[in-house]
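>>> pasting the structure only:
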């Protein structure tokens with residue numbers, strides 16, 4: 001049985017290791033590891049050289065991943081802004097491009113903009129292979145079929161087989177799609193504020209509200225692919241009480257005689273509250289209370305290790321984080337850590353790169369003739385995405 005992909009996954013996680021380390025970490029025989037390293041070296045995925053001289057005996061040979069030997073495309077289609085990254089074999093972006101979904105109600109236009117950006121960054125691969133692509137899309141996404149079931153932010157994609165359309169437009173490249181907030185959780189759990197945790201909730205607190213949930217290292221999608229749709233939480237839709245969309249609307253409703261300005265946004269309402277505007281203080285206080293109820297309910301139902309906050313509302317100073325942390329501390333017996341995103345606007349793309357690398361691993365398993373396409377997660381430290 002060929003285990004080349006298992007050894008490659010270990011090197012993806014650790015960047016470099018001796019052959020003896022690879023034998024110990026993988027549980028494979030020395031001959032099997034030797035064959036795998038030789039195949040990876042011949043294919044350009046790794047280099048091997050002697051370590052610095054040891055005091056006694058022959059120095060070990062270190063096997064090192066060539067991270068830019070191949071790439072994947074990571075796509076964030078979370079709303080009007082679209083971001084595409086060319087990511088290397090460890091998920092680090094080598095090139096980034098962003099644009100606007102000028103007509104979100106037109107599915108062809110949205111797909112066309114994604115493809116335009118993808119082709120732009122692909123030139124930075126300099127002829128090296130691009131193995132797969134993955135996209136995080138705002139809304140309810142059926143990961144199994146690659147279809148967008150519901151997307152208020154990108155209604156043109158609703159009902160479309162997005163993964164097939166992208167695959168065709170990108171020349172047959174393998175493509176997976178998933179919910180953007182779920183991939184943000186994957187990104188934070190892989191290389192962000194929740195790195196190393198296997199029970200994670202990412203709360204996207206922006207113009208809209210959403211959540212990505214990882215339980216026991218496995219993304220939670222739900223029976224209808226709608227897990228994490230916190231916008232619909234009662235009493236009264238949470239998104240109508242505590243989102244970046246709702247906060248300025250609530251301010252205008254309570255202070256109709258004041259000059260709010262057509263460009264009033266949640267950040268401006270937070271600023272007015274900090275300056276002592278009584279109406280803004282009330283609106284912000286109501287939103288903070290609603291979000292406090294949200295994190296308490298999330299902690300009580302899921303008991304995560306960490307809750308990561310992302311989205312535009314988190315840019316309004318430390319008050320939100322401090323309020324939610326205090327609410328957790330007094331409301332649940334074992335409060336999780338609650339932290340701000342470490343990846344910021346790159347969280348979804350980082351999660352998309354992890355999903356794309358999962359597809360790439362499957363492609364490489366076929367190339368190397370390996371029947372094992374999913375290395376044991378507990379051994380190599382990967383999330384179980386498929």
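All right, it came through fine. All figures in this text were calculated on a predicted structure; none of them were measured in a lab.

>>> Only C-alpha atoms from now on, for both contacts and neighbour counts.
Will do.

>>> By mean pLDDT, which helix or strand of the chain comes out lowest?
helix 377-380 (a mean of 45; mean pLDDT, DSSP states H and E).

>>> buried set for the helix or strand where residue 135 lies?
Per DSSP states H and E: residue 135 is located in strand 130-137. Of the residues in strand 130-137, 130, 131, 132, 133, 134, 135, 136, 137 count as buried by neighbour count, 16 or more other Cα atoms under 10 Å.

>>> Ok, stretch 346-365 next?
So, applying 16+ other Cα under 10 Å, buried residues of stretch 346-365: 346-365.

>>> now stretch 274-290
Buried, per 16+ other Cα under 10 Å, within stretch 274-290: 279, 280, 281, 283, 284, 286, 287, 288, 290.

>>> Which ones among these lie within strands?
Judged by DSSP state E, strands contain none of these.

>>> Same list as before, these that is, but in JSON lines and with distance to residue 20 and pLDDT included.
Below are those laid out as JSON lines (distance: Cα to Cα, whole Å; pLDDT from 0 to 100):
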{"residue": "279", "distance to residue 20": "66", "pLDDT": "93"}
{"residue": "280", "distance to residue 20": "62", "pLDDT": "94"}
{"residue": "281", "distance to residue 20": "62", "pLDDT": "94"}
{"residue": "283", "distance to residue 20": "61", "pLDDT": "95"}
{"residue": "284", "distance to residue 20": "58", "pLDDT": "95"}
{"residue": "286", "distance to residue 20": "58", "pLDDT": "95"}
{"residue": "287", "distance to residue 20": "55", "pLDDT": "95"}
{"residue": "288", "distance to residue 20": "53", "pLDDT": "95"}
{"residue": "290", "distance to residue 20": "54", "pLDDT": "96"}
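
>>> Tabulate these (a markdown table), appending distance to residue 73.
Output for the buried residues of stretch 274-290, formatted as a markdown table (distance: Cα to Cα, whole Å):
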| residue | distance to residue 73 |
| --- | --- |
| 279 | 46 |
| 280 | 42 |
| 281 | 43 |
| 283 | 41 |
| 284 | 39 |
| 286 | 40 |
| 287 | 37 |
| 288 | 37 |
| 290 | 37 |
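
>>> Just flag the most distant two among the residues you listed.
279 and 290 (16.9 Å; Cα to Cα).

>>> what about the stretch 201-350 of the chain, any weak spots by pLDDT?
By pLDDT under 70, the low-scoring segments of the stretch 201-350 of the chain are 257-260, 317.

>>> what ranges do the strands span in it?
209-215, 218-219, 306-310, 337-340 (DSSP state E, counting those that start in this stretch).

>>> okay, these in a markdown table with mean neighbour count and distance to residue 45 next?
As requested, those are exported to a markdown table (neighbours: other Cα atoms under 10 Å; distance: least, Cα to Cα, whole Å):
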| stretch | mean neighbour count | distance to residue 45 |
| --- | --- | --- |
| strand 209-215 | 24 | 30 |
| strand 218-219 | 20 | 28 |
| strand 306-310 | 25 | 34 |
| strand 337-340 | 19 | 35 |
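
>>> Out of those, the one nearest residue 196 is which?
strand 306-310 (10.5 Å).

>>> so what does that closest one touch, helix or strand wise?
strand 200-205, strand 337-340 (3 or more Cα pairs under 8 Å, 6 or more residues apart in numbering; DSSP states H and E).

>>> Show residues contacting the last one.
Right, strand 337-340. 193, 305, 306, 307, 308, 309, 310, 314, 321, 324, 325 (Cα atoms under 8 Å, 6 or more residues apart in numbering).
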